[in-house]
Structures are given as structure tokens and as C-alpha cells.
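K.L.:
dropping the sequence and predicted coords here.
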Amino acid sequence: DAGITQSPRHKVTETGTPVTLRCHQTENHRYMYWYRQDPGHGLRLIHYSYGVKDTDKGEVSDGYSVSRSKTEDFLLTLESATSSQTSVYFCAISESTSGQASYEQYFGPGTRLTVT
Amino acid sequence: RKEVEQDPGPFNVPEGATVAFNCTYSNSASQSFFWYRQDCRKEPKLLMSVYSSGNEDGRFTAQLNRASQYISLLIRDSKLSDSATYLCVVRLGSSASKIIFGSGTRLSIRP
């Protein structure tokens, strides 16, 4: 299994509070992603990173920010949590070949976030 | 219309049966195709890539039909351990971000 961990694994927080989720990899992969998964939807991309300090928005980025100061860590911050952000959050990584992202993604175990 | 559509199921089949899922995609610029497996409350894991000529991995066979824009997954001699949700994934071009996940098809194998 790819070396990807997420923390915390579970969190309950109140509306309006900031929350930061961490993804840590030991694979030295270039690309890292944050997804959310909700019933009836496929995984939806929030933000992704293509290198240290290089990030870009995904499909559902509103209300989220990210940072990547080291290759191994990708942080997702909910600036002011809302109930609509209750979800399961997955981090994923992929390698780069010839400057392009590899086709295969490897996922972390997920963080279950509840906003009350 | 969703970019990637799957029958949500559940498919409930007896052990040893053959089961097939289809997945349709709407963007003709789609270039890469995959099946992922996701167990309950776990992360998705790559099951297999889908190649233009079709490919097989043990009991699993994947097919791609570009003309009709669908991919399929066939599972032969199903095992109890095959019970999971199967996600169809489509990548547009070579972009790192243009990866679209289907909502998944739930499969339950009964003894």
C-alpha cells in the first residue's frame, strides 16, 4: 500500500470554526489531491497540487483553501465550516512521468468530518 | 447529464455467478479509463486500467467502446470478497485535475 496518512481520521466541529485536515505521504509523489465524497456523488475534486507551493482549484473549491510547503504534506483548510461541508475527505497522490501526472491515483484512508 | 454515469445497483448475485457493469461517459475527449474498488467506509483502490483493446486480470475483464462511449467490467466466478462498490473513472486528456469519478455501482455477493 502507498504510504499515505490522513489526520485526523474523525472530527466533529461546530459551524463557523476553522478546520485543517492533513495529508502526509512518504512516496515523494509530485501530485496531491483533496476530494470529498458524498452519497449520490462521485468523488469531487476540491484542490490539487502539482508541486511545493503549486496548487490549483478543483470543481468544488469554494470555502476551502490548501497549502503545500513540503512535498510530503498537503493541508486542507475549511475557513469557516458549514453543515454542507459534512463529508468524507480523501487525499490522493500520483506520480509524474515526463512532466505529466501519472494515470494512477492512490488514496489515503479518509477523514470523516461532521459539522454541527 | 452527469459526465460519468453508472447504475448505482445494488447488484445482488450468488457466489460463483458472472456479473457485468457498464459505465457511460459524455466527453469524447476522454482518454484514460479505470475501474476502482471501494469497500464500505474505506478508500478507493485501483482495480484495473481499461485499454482500448480490452484487458483481463484474472477473473476481471474490462472493455472500452469509444464509439458508444462506455466501458464495462465483467467479473467471473464471483467471490464473497468481491462485494464492494465499483467506481468508474475517466480522465480527460493529460490534465492532472480532469479526473471524473462515477458515483459507483454497489455489488453484493451472497453465499
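P.N.:
Everything's here; your move.
K.L.:
so which bits of chain B are right by chain A?
P.N.:
B:4, B:32, B:34, B:41-46, B:49, B:87, B:91, B:94-97, B:99-104 (CB under 8 Å from any CB of the partner chain). No exception for glycine: its C-beta is placed from N, CA and C like everyone else's.
K.L.:
go through those residues and flag which are in helices.
P.N.:
Nothing among the residues of chain B next to chain A maps onto helices, per DSSP state H.
K.L.:
buried subset of those residues?
P.N.:
Buried by 16 or more other CB atoms under 10 Å in any protein chain shown: B:4, B:32, B:34, B:43-46, B:49, B:87, B:91, B:96-97, B:99-104, out of the residues of chain B next to chain A.
K.L.:
smallest gap between chain A and chain B, at which residue?
P.N.:
Scanning chain A for the residue nearest chain B gives A:G42, at 3.4 Å (criterion: CB to the nearest CB).
K.L.:
just give the number of residues close to that residue.
P.N.:
Neighbourhood size, A:G42 [other CB atoms under 10 Å in any protein chain shown]: 23.
K.L.:
the residue nearest to the spatial centre of chain A is in what secondary structure piece?
P.N.:
Chain A has A:W34 as the residue nearest its centroid, 2.4 Å off, counting by CA atoms, centre = their mean. Taking DSSP states H and E as the definition, one finds A:W34 inside strand A:31-37.
K.L.:
buried stuff in whichever helix or strand comes after that strand?
P.N.:
Later in the chain than strand A:31-37, the nearest helix or strand by DSSP H and E is strand A:44-51. Buried residues in strand A:44-51, defined by neighbour count with 16+ other CB under 10 Å: A:R44, A:L45, A:I46, A:H47, A:Y48, A:S49, A:Y50.
K.L.:
what stretches of chain A score poorly on pLDDT?
P.N.:
A:1-2, A:96-103 (pLDDT under 70).
K.L.:
near chain B, which residues of chain A?
P.N.:
Residues of chain A lying close to chain B (CB under 8 Å from any CB) are A:31, A:35, A:40-45, A:48, A:50, A:56, A:58, A:90, A:94, A:100-101, A:103-110.
K.L.:
fine by me, thanks again.
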